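In: Starting from these lines, generate the structure:
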Amino acid sequence: SWDEVESLYRKRADYVKIKSEFEKSLKESAEREKMWRGRCLEAEAAVMQKSKQKVVQHLSNTSSFRDTMHLSLGRKLRRIDESDEIISQSSEQRQLSYTGTSTRSI
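Out: This is a model prediction of the structure:
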């Protein structure tokens, strides 16, 4: 009967409409997923770059700190050596003045 044929045509049209809406939604979802995946990869790359920069900066600061400490310790050791030398010269002069001898040759 014609009623059955019309009913089947309507059901077919509804099915095609629902299927095309579903495929459109699926396509949009895949595009959004692709966009977000790209954003995530870009963000991850940016985080990795910042992390690498922080590591390099830390290593630079650490080596600068080490270099500064080595220089500072070197200076302190030189001052101690100079102080010891001055103290020993002063001690020698005192000993010579007690014995009445001079370090100068006449």
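
In: can you give me the helices in the protein?
Out: Assigned by DSSP state H, the helices in the chain fall at 2-99.

In: Low-confidence bits of it, can you list those?
Out: The chain contains residues with pLDDT under 70 at 59, 62-69, 91-106.

In: give me that answer again for 80
Out: Counting by pLDDT under 80, the ranges of the chain that qualify are 55-56, 58-106.

In: How much space separates the residue nearest the centre of it from residue 42?
Out: With distances taken as Cα atoms, centre = their mean, residue 54 lies nearest the centre of the chain, 2.0 Å away. In this view, residue 54 and residue 42 are 19 Å apart by Cβ to Cβ, to the nearest Å. Where you see a C-beta, it was placed from the backbone N, CA and C, and this is true even at glycine.

In: ditto for residue 27
Out: Distance from residue 27 to residue 42, by Cβ to Cβ: 23 Å.

In: Near residue 14, how many other residues are there?
Out: Residue 14: 10 surrounding residues under other Cβ atoms under 10 Å.

In: and it, what does it touch?
Out: With contacts defined as Cβ atoms under 8 Å, 6 or more residues apart in numbering, residue 14 has no neighbours.
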